[in-house]
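Q: sequence and predicted structure, then a few things I'm wondering about:
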Amino acid sequence: MTITARTPAPVAGAAADELPDANRSPLRAARQFVRRQPLGTVGLVIVLVMFAAGAMAGWIAPYDPEANDFAAMMEAPSWAHLLGTDQLGRDIFSRLVFGARTALLVGFSSAVVGGVIGLVLGVTSAYFGGWFDLVFQRVLDVLMAFPLIILALAVVSVFGTGVVNVIIAITVPLVPRCGRVVRASALAVREVPYVDAARALGFSHARIVLRHMVPNVVAPFLILLSAFVGQAILAEASLSYLGLGVQEPVPAWGLMLQGGAEEYATTAPWIAVFPGLAIVLTVLGISLFGDALRDAIDPKLRDR
Amino acid sequence: MNGEAIPAPLLPTPLLEVRQLAMHFPISEGIVLNRKIGEVKAVDGVDFTINRGETLGLVGESGCGKTTTGRCILRLERPTAGQILFDGRDVNRMERQELTALRRRVQVIFQDPYSSLNPRMKVGDIIGEPIKVHGVERDPRRRRDRVRELLSVCGLDPKFTDRYPHEMSGGQRQRVGIARALALDPEFIVCDEAVSALDVSIQAQVINLLEDLRERFGLTYLFIAHDLSVVRHLCQRVAVMYLGRIVEMADSDELFDNPLHPYTQALLSAVPVPDPRIEAARAFRPPRGEVPSPINPPSGCVFHPRCPMAVDGCKQARPVLRELRPRHWVACSEVN
C-alpha cells in the first residue's frame, strides 16, 4: 500500500487514518497550507489572478482584443495602452487578458478530460490485470514514446486547427501519462481488503472500479492534474506559436508571441515580451502550486 | 410428492464440501515470452466438510495456505484443481446469476479492520451498499433503518451511520465489517483471522459477538486463525494445516487434549500457559529448522525434515488423512 499514513485524526478517540486529507476541515487545511507552503501559496495566488483575469476579461480589458486601431500601431506602453499595441494596432493588455481565458480554457479542459480518461483507464487496467493490463500498457508505451508536442501535432494534422481541436490534440498525449501513474497507485489499492470485500459482495466491475478504487487514488491524481495543466498551457502556446493551434484573430499567448517575435523583436519588443511573461508566470505559478500540493498531501511530510 | 416417506439422512448434508483443493500460484519470468519457472503450492490437496451450523477452525502458521483456502471458497481466487461444493453446487462452475446468489449466501470478515473498509465511504454506505446493489431493500428510508438495525445487532450505536471509518476505533471498525458481512443475511461466513488484529480485551468482545450471531442467525463459520485458544473456544472442529495440507482434523476438545500428529503436538506445546510455574516446568519442543518453501516442498510427508518421528518411508509416500479414532483424522503414517 502506498497510502497508509498513521496520522492522528482530530476527532477524539479516533484511530489512525488511511487518507489523511479526508478528515480535516477545509478551512483548517487551507490555513495550514498557507503557513507551510509560502511558495505554493504564491503559485496559487498567480493561478487565481489568471483565473480572475480570464473569467472577467470582458470587464478588465479596456479595448476589444480583436479591434484594430490603425492610428496606433506598434505603440510603446503608455497610459492609453498599458502594455502597448501590436503591429495591427490591437491593445496588448486586452489581448493578454483575453488570452488568459484561452490558455486556461485549453489548459484545464485538456488536463481534466485527459486526466479523467487516464484515471479510469489506468484503474481499470490495474483492476483486471492479466492480458488486458499487458496489452493496455504496451499501447501506452507506444503513445508515450512520442513527446507530448509531437503527438499533439499529429492529432492537429488529423483534426485541423481551432480551440476545440487543440483541446483534443493536447488531451490525447495526456491520457497515457496519467494512465501510467494512476495504474501504479491502483495496483496497490487493488490488493487492499476492501476491494476483496466488494468482490465478495458481488459488486459489478464498474462499481468496484468507480466507487471503491478511483476515489482512493485521487490524491496522486490531483497532483498529476496540476502538473498537466501547466504542460497543457505550454503545449497550447507552442501549437499556436507554430501556427497549428488557436487561429487568428482569437487572442492566444502563443499566437501573440509568434506575431511579435519574428519581425519586431528589436523594434517593438513589448509585442513579444509580455505574452512570453504571461506564459512563464502562469506555468510557474501552477508548478509551484502543484509541488506544494504534493508536499501537503504526502502523509510522510505532513504534520511535522 | 407421492406421500412416500423420504428417509431422513443419517448424516447431515454438509453445507460446504472442499475436495482435493489445490492452488498453485505460477512464478513466471519474461514479458514477451512468458514462461513458468516454478509455482508456489499455497494449497496442495485439501479436503474438509463443514456442516450447517457448525464452526470449523482452520489453524496453522503464516503461509500455510489457510487464507488462500478461504479465498478460494469465496471465489476470490480460482483454484488450480479440486472442487468446492456449496450446498452441493460447484462454486467454480457457477454462472453469473448463480454466482450472484452465492454472494448473498457466503460472506467474509477480514483480519485488518483498517484496510477492510473503504476510507472514502461513510459507515452507513459501506453497510447499505450491498443491500442496495442486490436489490434487497430499494426504498432508501427502509434501507437506512436496516443499516441502523445491523449496527445495533453488532453492538454499535446507530448514530455511527454518518461516521467515516477513520473516526472509529479498531474494534468498532471490525464490528462495521461484521455488519457489512451480515447485510445480505448470509448462511456461511469465512472469518479470516477476524480477531487477530485486535487488542485482547476487544478480541473477547468480538468473539462473543460472533458466537451470539451464530446462534441468532444460524450461521456457519470457517474460522481461520493462528491463535489456538480462540479457536478452541469458538470452534466445534479444528483442522490443522501445514505447508498447504491438512495434517490433522478432529473435534475441538479431542484435538487439543489428544493431539496425534507430531506437528500438532509441537504447535500446541508452543502455546504459553498463563501460570509461570507450569510454564517453567513444561516441556516445549519446537520443531527443528524452518518451514520449508512451498515452491519446493519436501517429498512424501511435507513435515518429514522437521519431524521427530520421521522414518525413511516418510520421504517417499505422501500420507493420507486416516480416521484413527472416531472423527479424528490424522495424516501421518507413523501414528497409530
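A: Sure, I can see it.

Q: show me which residues of the stretch 101-250 of chain A sit near chain B.
A: Counting by Cβ under 8 Å from any Cβ of the partner chain, the residues of the stretch 101-250 of chain A close to chain B are A:134, A:192-194, A:196-204, A:207, A:211-212, A:215-216. All C-beta atoms are positioned from the backbone trio N, CA, C, and that covers glycine.

Q: for these, which ChimeraX command selects only the ones that are buried?
A: Entered in ChimeraX, the line below selects the buried ones among these, by 16 or more other Cβ atoms under 10 Å in any protein chain shown:
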select /A:192,193,194,196,197,198,199,200,201,202,203,211,212,215,216
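
Q: and the residues of the stretch 101-250 of chain A next to chain B, which of them are in helices?
A: Residues of these located in helices (DSSP state H): A:Leu134, A:Pro193, A:Tyr194, A:Asp196, A:Ala197, A:Ala198, A:Arg199, A:Ala200, A:Arg207.

Q: can you redo the residues you listed as a markdown table with distance to B:Thr69 and pLDDT?
A: A markdown table is the format used below for those (distance: Cβ to Cβ, whole Å; pLDDT from 0 to 100):
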| residue | distance to B:Thr69 | pLDDT |
| --- | --- | --- |
| A:Leu134 | 29 | 90 |
| A:Pro193 | 16 | 93 |
| A:Tyr194 | 21 | 94 |
| A:Asp196 | 15 | 94 |
| A:Ala197 | 18 | 94 |
| A:Ala198 | 21 | 95 |
| A:Arg199 | 17 | 93 |
| A:Ala200 | 15 | 93 |
| A:Arg207 | 27 | 95 |
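
Q: tell me, how many residues neighbour B:Arg138?
A: By other Cβ atoms under 10 Å in any protein chain shown, 9 other residues sit near B:Arg138.

Q: now it, what's its secondary structure?
A: When classified by DSSP: H, G, I helix; E, B strand; the rest coil, B:Arg138 comes out as coil.

Q: mind listing the strands for the chain?
A: No chain was given, so I picked chain A. Read by DSSP state E, chain A holds no strands at all.

Q: should've been chain B
A: B:14-29, B:35-51, B:55-59, B:81-86, B:89-90, B:106-109, B:188-192, B:220-225, B:237-242, B:245-251, B:322-325, B:328-330.

Q: next, count neighbours for residue 287.
A: By default, I'm working from chain A. A:Ser287 sits with 18 neighbouring residues when counted by other Cβ under 10 Å.

Q: wait, chain B
A: B:Pro287, neighbours per other Cβ under 10 Å, totals 19.

Q: please tell me how far the closest residue in space to it that isn't next to it in sequence sits from B:Ile295.
A: Excluding the flanking residues, the one nearest B:Pro287 by Cβ to Cβ, 6 or more residues apart in numbering or on different chains is B:Arg306, at 4.1 Å. As defined by Cβ to Cβ, to the nearest Å, B:Arg306 lies at a distance of 17 Å from B:Ile295.

Q: more crowded one of the two?
A: Between B:Arg306 and B:Ile295, counting by other Cβ under 10 Å, B:Arg306 is the more crowded of the two (19 against 13).

Q: what about the more buried one, distance to chain A?
A: With distances taken as Cβ to the nearest Cβ, to the nearest Å, B:Arg306 is found 31 Å from chain A.

Q: contacting residues for that residue?
A: B:Tyr263, B:Pro287, B:Arg288, B:Gly289 (Cβ atoms under 8 Å, 6 or more residues apart in numbering or on different chains).

Q: what's the closest of those residues to chain A?
A: Of all those, chain A sits closest to B:Tyr263, with 28.8 Å by Cβ to the nearest Cβ.

Q: okay, the strands of chain B in CSV with mean pLDDT next?
A: Converted to CSV, the strands of chain B look like this (pLDDT from 0 to 100):
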stretch, mean pLDDT
strand B:14-29, 89
strand B:35-51, 88
strand B:55-59, 94
strand B:81-86, 93
strand B:89-90, 91
strand B:106-109, 95
strand B:188-192, 95
strand B:220-225, 94
strand B:237-242, 94
strand B:245-251, 94
strand B:322-325, 91
strand B:328-330, 93
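
Q: what's the local residue count around A:Gln247?
A: If we define neighbours as other Cβ under 10 Å, then A:Gln247 has 15 of them.

Q: show me the longest helix that occurs in the chain.
A: You didn't pick a chain, so chain A it is. helix A:92-128.

Q: wait, chain B was what I had in mind.
A: Secondary structure of chain B read by DSSP H shows that its longest helix is helix B:200-217.

Q: now it: mean pLDDT?
A: Mean pLDDT, helix B:200-217: 92.

Q: A:Gly84: neighbouring residues, count only.
A: Neighbour number of A:Gly84 under other Cβ under 10 Å is 22.

Q: correct me if wrong: it contacts A:Asp69.
A: No. With contacts counted by Cβ atoms under 8 Å, A:Gly84 stays clear of A:Asp69, the gap being 11.9 Å.

Q: gap between A:Val217 and A:Gly179?
A: Distance, A:Val217 to A:Gly179, using Cβ to Cβ: 11 Å.

Q: residue contacts, A:Ile117?
A: A:Thr171, A:Val175, A:Cys178, A:Gly179.

Q: my guess is the third one meets A:Phe221, correct?
A: Yes. The pair A:Cys178 and A:Phe221 qualifies as a contact (Cβ under 8 Å) at a distance of 7.4 Å.
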